[in-house]
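Trainee: generate a structure from the sequence data that follows.
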Amino acid sequence: RPGLALCAGCGGRIQDPFLLRVSPDLEWHVACLKCAECGQPLDETCTCFLRDGKAYCKRDYSRLFGVKCAQCRAAFSSSDLVMRARDHVYHLECFRCAACGRQLLPGDQFCLRERDLLCRADHGPTPDGSAAAAAARGPRSP
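Mentor: Numbers count the residues shown, from 1 in each chain. All right, here's what the predicted structure looks like:
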């Protein structure tokens, strides 16, 4: 459809013999498809991610929009195993008691206060007066 499409990058009409279609309704001039954050050209050698009509390289998309560890705030790679506590996700090595630093393992009881994990020995009574805590489940992929 050269000549009919409008470039999502520059807004100009695509007259070129080639265009890049990233989604059914977003098309770019070959030279205009770049990461909205770092400007890296996005072609067949670089994975392209879309968010709100903008294209991103994998590194910037992950950094800006990916799930991050609740403790160290670093992004997860696809090969990372994680631990979860409510809505928080942690690297295995970050899943530690905030008071004593002991790594919490699957089956350990802990308490989550704000973002702080506390082992059973350090959490004391919960705000309702009970000593109940969640049990850590095994590691999972992000």
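
Trainee: if I pick the closest residue to H29 other than its chain neighbours, what's in contact with it?
Mentor: Distances taken as C-beta to C-beta, 6 or more residues apart in numbering put C7 closest to H29, at 4.8 Å, once the chain neighbours are dropped. Backbone N, C-alpha and C define where each C-beta goes, glycine included. Residues counted as contacts of C7 (C-beta atoms under 8 Å, 6 or more residues apart in numbering) are 13-14, 19, 27-29, 32.

Trainee: against A31, how distant is C7?
Mentor: Distance of C7 to A31, given as C-beta to C-beta, to the nearest Å: 9 Å.

Trainee: check D43 too.
Mentor: 10 Å.

Trainee: for A55, same thing?
Mentor: The value you get for A55 to A31, if C-beta to C-beta is used, is 13 Å.

Trainee: more neighbours, the two?
Mentor: Ranked by neighbour count (other C-beta atoms under 10 Å), A55 and A31 place A55 first, with 24 against 13.
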